[in-house]
Structure formats: structure tokens, C-alpha cells
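Chemist: pasting the sequence and the predicted coordinates here, then a few questions.
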Amino acid sequence: MNLKNMFQDFNPSKFVVFSSLLVFCLLFSLRLDETVDWSYWFIFLPIWIWKLLVFAGAMRGTAVWFRNPQYRTETDSASQFTAMILTWAEHMVLLTFEILAVFNLETQRRGWIVAFIPLFVLSVFCIGTCVWSVKHRRSCELELFCAANILQFIFLALKLDDVISWRWVIVLIPVWVVMCIALIAVLYAVVLAIILVRSPDVLSEQRRGNVSTAMGYMFFVVPLLVFEILLVNRLDHVNDFNFSFVVIPLLISLASLMCLAFGAKGGNFWWFGIRKDFCQFVLGACPCLQEYGNISYSIQCDDQETVAEQQASSNPGEGAPSPSSSTPYISELPDFKVGKLGAGKAGGHGQLELPKVVVPVLTIDMPD
């Protein structure tokens, strides 16, 4: 695992989203089990923190954009800023739905169709945003999720208001369709990773990256499917499991997404107006971290030195020490030969025949 590339490709936005959802799902399950009797306004605290960071980051980025007109001429700067504004607008609409949902949970009213209206608007808006993101080669996970689940939002609103009396397994039919597509995609990723592992023409770093990505998505989709099955059975009273037990597979899925955020790339540079990669921003803000980031060592070199020392201690009668024990760089050269002792054992020691350096001829000038 390459820690340097992992932190260079770290996507802080996705990490904040998935960590907030993980804490929220845990608190919400405890509230449904009545293990805690906290207000829903407090249960949604991770969601409020998430939205507060989005609002503050967008406001700071907008201020930097208008105060520094010269930044607008930079490559991809305009599309980055536009993407940030679109994401901010989506989160504000999502925040409206969350406030209405908490209000319904606190008052136990059945106005869920009204509460879901922001989600209906967001789903339609995200269709156009997906088209814009594909045109500008930007990721659109949230937009794609909202656009693909517009029918599911309608079914949920009707079910929560008792407009329809279907079983929950029928209400979640759009989810089952999406999960089937996700399982096919995961199967494709796993098969592709296996093929690349056995391919000699692919770099080892690329093979490791494909394998880790395939494993990450597998640990996301499979536990998510298990969670949905357990949740449907719990809501249809097929089992009596606690919600804190049902939510465990979902927590595993969110934890895997948090791990995948370290290699996700694609972070927007305009959040909080930092205009640079998050890793570079942290190193610039904390120069003391650069000292630790520049330290590296080779385990293979240490192992070679240890072996050379063991050989020297096991053969104390031999003359000159091995070059690999005195200089770590010699160990990288090809094997050298030790010459035989001279005539008569009274002679000197054997001579080391180091390999000669052969410089390839790049050009040969021929006489006219």
C-alpha cells in the first residue's frame, strides 16, 4: 500500500459525507430502539455539521473568487467553481428536506408528501446536473443517486402517509433494481481485477489499485444489500431484530466508503478557497508535517544489511568485509565473484572482482 499516493488522492469531501452518515445512522438506530431518548434535532447533529461545512466552504470559496479576478483565468477554474455552486445548491435543498423530516418526527405528523417535495425538486434538478458533470468530466455520485431514485422517493412518501398499503418489500422495488445493477458492476470490477493481476503487461501499482478498488466496492455493495434485506424484514415484521443490529451492515458499507475516500481523487479545489490539493494545503498550513512526510526507508535494504552482517559473523576468518555490509548501495549491484587465493597459502588475500560498468553506446559517429 502506497501511503504517499493514498494521501495525495485523498478526497476530504467524501470523507466528511460518509463519516457524518455513519455517525447519524448509528444514533438514529439507537433512537428507534429507544436506547436513547434524545431529541431528533440532536440525532441529526452530524447532518447539521455536514451542511454547515458545505455552507461555510461555499461562502469562503465565493469570497475568494470575487476578490481575486485573476484566479478565473486558471485552467479548469471556472468549471471547479461552477461545480461548487451546484453542489452547494443541492445541499441546501437537501437541508430543507431534512428540516421538514425532523419536524415530522418530532411532532409525529403525517405530512411526508410535503416533506419529500424538496427531494422531488432535487431529483429533477440533478438530471440536468448529471448532464453538465458528464460534459465537463466531473464526478456526480450524489446527483446520480438522487436522479435514479426519484420513483423511490415517491413510493416512500406515499407509504409513510398511508396512501398506499403495500408491503415494504414492494415499496422498495426501485432499490432492488438499482442494487442488481450495482452487483453486476461489482462483479465486473472483481473479474477485471483478477484479469489485471494475472496480466504481465500491467504495472504492479495499477494491479494493486484495481484490486483495492474492487474489494472496497464489494465491501460496500454486499453489506448494503444485506442491510436492505434485514430492514425490509424488520419493517414487514418478519423478524424482531433491533434496529441497532440491522444497521451494522450499513455501517460496514459506510466504513468501506470512508476508506475508498483516500484514493478517490476529484476533490474540488474551491471549497474554502484553498485552490490547491488538500494534502498540499495541510502541508503548507503545518510545515512540521513536511519533515515526517519526507522520511522514507527501504525494508528490503535493511534486510540485505542484516543478512550481510550474519554472513560476516558466521565467517570471521575471511578477509575483507562484504561491500554490502559497508555500503548499502553495493547490494543493488549484481553478484560479484571472489578470486581464488594466490599460489601458496602464504600469499595474500583473495581479490574482489566487482562487475564492470558497461555504458551503452547511444550514437556512433562514422567517418565520412
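Modeler: Thanks, I have it. Not measured: the values here are computed from a predicted model.
Chemist: all the helices of the stretch 151-300 of the chain, residue numbers only.
Modeler: Ranges of helices in the stretch 151-300 of the chain, per DSSP state H, counting those that start in this stretch, are 168-171, 173-197, 204-235, 243-246, 248-260, 278-285, 288-293, 299-314.
Chemist: so is residue 37 in a helix, a strand, or just coil?
Modeler: coil (DSSP: H, G, I helix; E, B strand; the rest coil).
Chemist: might you report the residue contacts of it?
Modeler: By C-beta atoms under 8 Å, 6 or more residues apart in numbering, the contact set of residue 37 is residue 31. The C-beta positions use only the backbone N, C-alpha and C, and glycine is treated the same way.
Chemist: adjust the sequence numbering to begin at 53 for everything that follows.
Modeler: All right, first residue 53 from here; so that's residue 89.
Chemist: which secondary structure elements does the particular helix or strand that has residue 139 in it sit against?
Modeler: Residue 139 belongs to helix 129-159 when assigned by DSSP states H and E. With contacts defined as 3 or more C-beta pairs under 8 Å, 6 or more residues apart in numbering; DSSP states H and E, the packing partners of helix 129-159 are helix 92-95, helix 97-119, helix 164-167, helix 169-187, helix 193-200.
Chemist: closest one to residue 157 among those helices?
Modeler: Nearest of the helices and strands packed on helix 129-159 to residue 157, taken as C-beta to C-beta: helix 92-95 at 4.6 Å.
Chemist: next one: that closest one to chain centre, how far?
Modeler: Relative to its chain's centre, helix 92-95 lies at 28 Å (C-alpha atoms, centre = their mean, to the nearest Å).
Chemist: dump it to PDB, keeping only the CA atoms.
Modeler: Output of helix 92-95 as PDB, limited to C-alpha atoms (Å, rounded to 0.1, in the frame of the first residue of the first chain):
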ATOM      1  CA  TYR A  92     -34.300  14.200  16.800                       C
ATOM      2  CA  TRP A  93     -32.700  17.600  16.400                       C
ATOM      3  CA  PHE A  94     -29.700  16.300  18.300                       C
ATOM      4  CA  ILE A  95     -29.800  12.900  16.500                       C
END
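Chemist: give the buried residues for it.
Modeler: Buried residues in helix 92-95, counting neighbours by 16 or more other C-beta atoms under 10 Å, are found at residue 95.
Chemist: packing partners of it?
Modeler: Against helix 92-95 (3+ C-beta pairs under 8 Å, 6+ apart) you get helix 64-84, helix 129-159.
Chemist: among those, which is nearest residue 118?
Modeler: Nearest of those (C-beta to C-beta): helix 129-159, 10.3 Å.
Chemist: coming back round to it: make TSV out of the helices of the stretch 203-352 of the chain and add mean neighbour count and mean pLDDT.
Modeler: What follows is those, written out as TSV (neighbours: other C-beta atoms under 10 Å; pLDDT from 0 to 100):
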stretch	mean neighbour count	mean pLDDT
helix 220-223	16	94
helix 225-249	14	90
helix 256-287	17	88
helix 295-298	18	94
helix 300-312	20	92
helix 330-337	15	70
helix 340-345	10	63
helix 351-366	12	52
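Chemist: residue 93 is nearest to which of these?
Modeler: Comparing the helices of the stretch 203-352 of the chain by C-beta to C-beta, helix 295-298 comes nearest, at 19.3 Å.
Chemist: re earlier: can I get the helices and strands packed on helix 129-159 in TSV including distance to residue 286 and mean pLDDT?
Modeler: Listed next are those as TSV, based on distance: least, C-beta to C-beta, whole Å; pLDDT from 0 to 100:
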stretch	distance to residue 286	mean pLDDT
helix 92-95	19	94
helix 97-119	23	92
helix 164-167	19	92
helix 169-187	23	92
helix 193-200	23	88
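Chemist: dump those helices to a markdown table, plus distance to residue 321.
Modeler: As requested, the helices and strands packed on helix 129-159 are exported to a markdown table (distance: least, C-beta to C-beta, whole Å):
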| stretch | distance to residue 321 |
| --- | --- |
| helix 92-95 | 33 |
| helix 97-119 | 9 |
| helix 164-167 | 35 |
| helix 169-187 | 16 |
| helix 193-200 | 18 |
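Chemist: right, and these - which one's nearest residue 211?
Modeler: helix 164-167 (8.5 Å).
Chemist: residues contacting that closest one, please?
Modeler: For helix 164-167, contacts defined as C-beta under 8 Å, 6+ apart pick out 149, 152-153, 155-156, 208-210, 212-213, 215.
Chemist: report the buried residues of it.
Modeler: Neighbour-count burial for helix 164-167, with 16+ other C-beta under 10 Å as criterion, is recorded at 164, 167.
Chemist: contacts only, for the residue lying closest to residue 242 once chain neighbours are set aside.
Modeler: Excluding the flanking residues, the one nearest residue 242 by C-beta to C-beta, 6 or more residues apart in numbering is residue 266, at 4.9 Å. For residue 266, the contact set (C-beta under 8 Å, 6+ apart) comprises 238, 241-242, 244-245.
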